[in-house]
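K.L.:
Predicted model and sequence follow; I will ask about them next.
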Amino acid sequence: MRHSPGHLRPFHGMGHRHRAPPDQGRLIFEHRIGLACREPTYPINCFTMEQTDWPTRLAHRIAGEVRRYRTMRGISAQQLSDLCSAVGMDIPRAVISNLENGRRTSVTVAEVLVLAAALDVPPLLLVFPVGYEEVCEVLPDRRRDTWGGFLWAAGDRDTKGSALPIRGDLENFDNASSTLYRTFYETVEQVSAFMFRAIEDEDRARKTQNEKVRKSLVDSARLHRMMARDVYSELRETADVMAEHGIAVPHLHTYDAVFADLAKEYE
C-alpha cells in the first residue's frame, strides 16, 4: 500500500501508539504554521532518527545537503572553503569536514547562507531537501512533506497551506509582506512584458513597408499598451495596500523608463 507524504507508517515491531491528543494551544500553533495533519501522526521515536536534540538533527540534515551539493559540484571541502572565503566569510575546511562527518552539531544562519552562495543553491534547499527526501522534520517532533515545509519557510502559502490569500484576507494573514511583495513583482513583470511587446510592435511597424502588416502591428501595439495600462493600475493598487499596512513599497527605478508614460496616464 502506498502512503501519501502526510501519512507515515511506523516501523514494524514498534507498535502503533499514536501521540496523545495535544492541548488546544499546540493544536492552534500547528494549524497556524500549516503543519496540522489530516491523518494520524506518530511520535518522533517511530522513525529511524538518532535520539538527539532538534538543533543537532537539523544541523545533521543541513550537513547532509552540503555534502550532497558539494559532491554534485565535484569540489573538495577545501575548494568549498575557498569559495566561502570568496563570498566574504571564512569557513575553514576542517569546519566543513566536521560538519559533514557529524562531529560538528551546530550550524549558524550565516554559515547556511554563505555555504548556499558558495554552492550556488538556494539556502532553503540546504534546510529542506526537496527532491531527495519525501518528508522531513520541519519543527521539533513534527514531520511533514518536505515540499510543504519548504513552502511554509518561503512564505509561499498561507497558514492553512492553501493558495495565497486575496486582499480581503490580508488582515488575518501573518505573511502579508511576503505575499504583497510577490504580487507586486509578479505584476511588474506582467506590465513589463506588455510594454516591451508594445514597443517591439511599434518598432516593427515603423520599419515595415507592407501597409497591411503595419496596421496589424499598430493595432497589436495599441492592444498591448492598453493591457499594460490595466495591469499597471493593479500595480498601483497593490502599492497602496502595501503602504496602508506599513510595508515598504519597492522602488521601480529599473523600470522608470518603461513605466514613465503609464505613470503619466495613470495620474
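P.N.:
Now that the structure is in, tell me what you want to look at.
K.L.:
Break down the protein into its strands, ranges please.
P.N.:
Per DSSP state E, the chain has strands spanning 135-139, 142-145. These are given in chain order.
K.L.:
In PDB, list the C-alpha atoms belonging to the first one.
P.N.:
Spelled out, that is strand 135-139. These are the backbone C-alpha positions of strand 135-139, laid out as PDB (Å, rounded to 0.1, in the frame of the first residue of the first chain):
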ATOM      1  CA  VAL A 135       9.300  14.000   4.400                       C
ATOM      2  CA  CYS A 136      11.400  15.800   6.900                       C
ATOM      3  CA  GLU A 137      11.200  17.100  10.500                       C
ATOM      4  CA  VAL A 138      10.100  20.700   9.900                       C
ATOM      5  CA  LEU A 139       9.900  21.600  13.500                       C
END
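K.L.:
Neighbouring strands - and their directions - for that strand?
P.N.:
The strands beside strand 135-139 in its sheet (DSSP bridges) come out as strand 142-145 (antiparallel).
K.L.:
What are the buried residues along the partner strand?
P.N.:
Neighbour-count burial for strand 142-145, with 16 or more other Cβ atoms under 10 Å as criterion, is recorded at 142-145. The C-beta positions use only the backbone N, C-alpha and C, and glycine is treated the same way.
K.L.:
And stretch 223-240, by the same measure?
P.N.:
Counting neighbours by 16+ other Cβ under 10 Å, the buried set in stretch 223-240 is 224-225, 227-229, 231-232, 235, 238-239.
K.L.:
And for stretch 82-100?
P.N.:
Buried, per 16+ other Cβ under 10 Å, within stretch 82-100: 82-84, 91, 95-97, 99-100.
K.L.:
quick revisit: would you turn the buried residues of stretch 223-240 into TSV with pLDDT and distance to residue 136?
P.N.:
Output for the buried residues of stretch 223-240, formatted as TSV (pLDDT from 0 to 100; distance: Cβ to Cβ, whole Å):
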residue	pLDDT	distance to residue 136
224	92	45
225	90	48
227	92	42
228	90	42
229	88	46
231	89	38
232	87	41
235	87	37
238	87	34
239	86	37
